[in-house]
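Peer 1: Got a predicted structure here, sequence first:
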Amino acid sequence: DIGRLPTRADLDDITPNNPVAFEEMGHALWVNSKMLELAGIESDAADPHGAKFERDGASGRLTGLLHEADHLVFPHIPEVPGEIRKRNIVNAINQLNREGVTSVTEPGAELPLLALYEELAEEDALSARVSVHLKAGRSLQAAKEALAAYSGDVRQRGLEKPLLNVRGIKLYMDGAPPGKTALMFEDYACCPGEKGILLYDGETQQEQVEEINRSMDWLHRQGYQMAVHTDGDHSANIAIEGLILAMGNTPTAAKNNPLRHYLIHGDLVTDDDITRMAQWRIGLTTQPVITNSAGHVVSKLWGPERGNRHMAPGLFVNAGVWTSLSTDAPIVPPDWKQNIEFAVLRKNETSPPGMARPEYRVSVKEAIIAYTRTPAYQEFQEDIKGTIEAGKLADLAVIDKNPLDIDPRDISELKTLMTVLGGDIVYENLADAQ
């Protein structure tokens with residue numbers, strides 16, 4: 001039936017005896033009854049703290065759609081063999097090279113994935129610089145256990161590998177708008193009574209916030225950069241408050257954020273919290289290209305007033321927040337050109353007109369800086385990359401036109417002619433170079 005959500009019954013009809021799980025965007029799972037059984041999730045199970053289960057309106061039984069429940073299901077799914085994962089990594093980076101990309105961030109890696117990157121670095125098989133943030137789990141104890149699994153200081157692991165470094169820790173505050181799990185101050189416009197969830201351990205929201213604050217305080221004192229996933233305005237507020245508390249507890253930190261903590265996504269942040277981000281030098285990595293594809297959906301979920309501000313880089317750049325752009329691939333294709341075009345225009349065939357207000361947009365030059373110089377600062381590598389100048393790494397892309405000289409509506413049509421990493425050509429497009 002067109003218009004309804006899929007259920008486990010749809011999968012049960014096809015494969016009743018084999019466990020099946022489909023993942024969507026890293027925030028939702030569609031599973032069959034056998035997968036629920038394998039994971040030990042009863043059909044009438046209550047929502048665990050930090051997750052949300054969809055239910056049949058009549059019976060109250062689980063439909064098989066699970067939000068923010070990877071940690072409950074994934075331990076029961078066999079790992080993909082390492083060689084296949086390595087091949088996928090190489091293929092993905094080759095695709096990024098074709099787009100002109102020379103540096104990437106791997107956010108939220110667990111130990112097996114980091115080990116594969118280290119093998120690829122040793123084999124000289126990486127054609128982009130990879131900065132890794134480790135996944136910290138849902139509690140201070142989980143973060144400590146993840147870091148304890150390494151020998152020595154985890155940040156030293158990649159220092160002798162020029163294409164790989166471990167920079168810090170990724171924390172997850174909340175979920176995402178489509179599942180109504182992004183934590184909001186006010187109800188979702190579509191669904192009175194729903195405000196989203198926090199993903200941290202704790203019986204109450206207050207206990208979850210206290211666990212977040214303890215985790216951030218400990219990680220900051222250990223000297224780890226924190227990259228914090230926030231989608232809702234309430235989760236952003238909790239993250240900003242936690243980072244400020246952590247920095248304020250360390251006399252040397254003052255307000256200049258020497259560890260360069262930053263938010264990831266920042267789908268919606270209040271004006272007051274944007275001001276606090278600028279005051280405390282808390283950065284942002286955001287993805288306007290997601291708004292390009294889903295802005296109309298977010299506006300239906302949140303209402304136009306909040307939806308129009310979705311991932312609006314101008315609000316942050318104009319306030320003095322250091323701001324990077326990324327695509328969040330594979331959530332959307334890794335096309336920096338489309339990302340820049342939408343950051344500048346914030347307008348397409350389906351986007352609500354209120355999204356294109358001048359204060360939500362950035363200039364082409366500001367968008368380019370947010371894709372080059374600022375990400376280098378984010379990675380503590382502004383002295384060696386991010387701009388093309390003598391003494392820095394020869395990491396660059398050659399494109400067919402100057403984006404500063406063309407109509408912004410044509411930026412997405414730019415062609416990558418060549419990608420250079422450390423002076424070596426890793427991609428060349430002779431057909432479009434004529």
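Peer 2: Perfect, thanks for sending it. Owing to the predicted nature of the structure, the values given are computational and were not obtained by experimental measurement.

Peer 1: before we move on, which element is Lys144 in?
Peer 2: helix 140-148 (DSSP states H and E).

Peer 1: can you list contacts of that helix?
Peer 2: Residues outside helix 140-148 that contact it (Cβ atoms under 8 Å, 6 or more residues apart in numbering): 110-111, 134-137, 154, 169, 211, 214-215, 218-219, 222. For glycine as for every other residue, the C-beta is placed from the backbone atoms N, C-alpha and C.

Peer 1: and what of stretch 190-207?
Peer 2: With Cβ under 8 Å, 6+ apart, stretch 190-207 has contacts from 49-52, 68, 138-139, 172-175, 180-188, 208-212, 215, 232, 234-235, 238, 300-301.

Peer 1: Looking at the residues you listed, which are in helices?
Peer 2: Judged by DSSP state H, these include 208-212, 215, 234-235, 238, 300-301 as members of helices.

Peer 1: Would you format these as CSV with neighbour count and pLDDT included?
Peer 2: Listed next are these as CSV, based on neighbours: other Cβ atoms under 10 Å; pLDDT from 0 to 100:
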residue, neighbour count, pLDDT
Gln208, 23, 97
Val209, 17, 98
Glu210, 14, 98
Glu211, 20, 97
Ile212, 28, 98
Ser215, 26, 97
His234, 22, 98
Ser235, 32, 98
Ile238, 24, 98
Lys300, 15, 94
Leu301, 21, 96
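
Peer 1: Can I get those in JSON lines including distance to Leu417?
Peer 2: Output for the ones in helices among the contacts of stretch 190-207, formatted as JSON lines (distance: Cβ to Cβ, whole Å):
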{"residue": "Gln208", "distance to Leu417": "49"}
{"residue": "Val209", "distance to Leu417": "50"}
{"residue": "Glu210", "distance to Leu417": "53"}
{"residue": "Glu211", "distance to Leu417": "50"}
{"residue": "Ile212", "distance to Leu417": "46"}
{"residue": "Ser215", "distance to Leu417": "45"}
{"residue": "His234", "distance to Leu417": "45"}
{"residue": "Ser235", "distance to Leu417": "41"}
{"residue": "Ile238", "distance to Leu417": "45"}
{"residue": "Lys300", "distance to Leu417": "40"}
{"residue": "Leu301", "distance to Leu417": "40"}
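
Peer 1: just the strands in the stretch 251-400 of the chain please.
Peer 2: Taking DSSP state E, counting those that start in this stretch as the criterion, the stretch 251-400 of the chain carries its strands at 262-265, 283-286, 323-325, 396-399.

Peer 1: Reformat those strands as CSV; add mean pLDDT.
Peer 2: Converted to CSV, the strands of the stretch 251-400 of the chain look like this (pLDDT from 0 to 100):
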stretch, mean pLDDT
strand 262-265, 98
strand 283-286, 98
strand 323-325, 98
strand 396-399, 97
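
Peer 1: and those as JSON lines, adding mean neighbour count?
Peer 2: Shown next, in JSON lines, are those (neighbours: other Cβ atoms under 10 Å):
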{"stretch": "strand 262-265", "mean neighbour count": "27"}
{"stretch": "strand 283-286", "mean neighbour count": "25"}
{"stretch": "strand 323-325", "mean neighbour count": "27"}
{"stretch": "strand 396-399", "mean neighbour count": "18"}
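
Peer 1: Any chance of CSV for those strands, columns distance to Thr204?
Peer 2: Converted to CSV, those look like this (distance: least, Cβ to Cβ, whole Å):
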stretch, distance to Thr204
strand 262-265, 24
strand 283-286, 29
strand 323-325, 34
strand 396-399, 49
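
Peer 1: closest one to Arg276 among those?
Peer 2: Checking these against Arg276 by Cβ to Cβ gives strand 262-265 as the closest, at 11.5 Å.

Peer 1: Strand partners (parallel or antiparallel) of that closest one?
Peer 2: The strands beside strand 262-265 in its sheet (DSSP bridges) come out as strand 225-230 (parallel), strand 283-286 (parallel).

Peer 1: Now distance to Gly314 too, for those, in a markdown table please.
Peer 2: Formatted as a markdown table, the strands paired with strand 262-265 follow (distance: least, Cβ to Cβ, whole Å):
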| stretch | distance to Gly314 |
| --- | --- |
| strand 225-230 | 18 |
| strand 283-286 | 11 |
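
Peer 1: Output the longest strand belonging to the protein.
Peer 2: Ranked by residue count under DSSP state E, the longest strand found in the chain is strand 164-172.

Peer 1: Mind checking which of the contacts of helix 140-148 land in strands?
Peer 2: Cross-referencing the contacts of helix 140-148 against strands under DSSP E gives 134-135, 169.

Peer 1: So what's the residue count around Met226?
Peer 2: Residues within reach of Met226, counting by other Cβ atoms under 10 Å, total 25.

Peer 1: quick one: the residue nearest to it when sequence neighbours are not counted and Met355, what's the gap?
Peer 2: Leaving aside its sequence neighbours, Met226 sits nearest to His261 (Cβ to Cβ, 6 or more residues apart in numbering; 4.5 Å). The spacing between His261 and Met355, counted by Cβ to Cβ, to the nearest Å, is 28 Å.

Peer 1: Next, format the contacts of helix 140-148 as CSV and append distance to Pro313.
Peer 2: Converted to CSV, these look like this (distance: Cβ to Cβ, whole Å):
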residue, distance to Pro313
Glu110, 30
Leu111, 33
Leu134, 27
Lys135, 26
Ala136, 26
Gly137, 30
Val154, 31
Ile169, 24
Glu211, 31
Arg214, 32
Ser215, 28
Trp218, 31
Leu219, 27
Gln222, 31
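
Peer 1: so which of those comes closest to Tyr377?
Peer 2: Ile169 (18.4 Å).

Peer 1: The closest one and Cys190, how far apart?
Peer 2: Going from Ile169 to Cys190 by Cβ to Cβ gives 34 Å.

Peer 1: So for these two, which residue has more residues nearby?
Peer 2: More neighbours surround Ile169 than the other of Ile169 and Cys190, with 26 against 11 (other Cβ under 10 Å).
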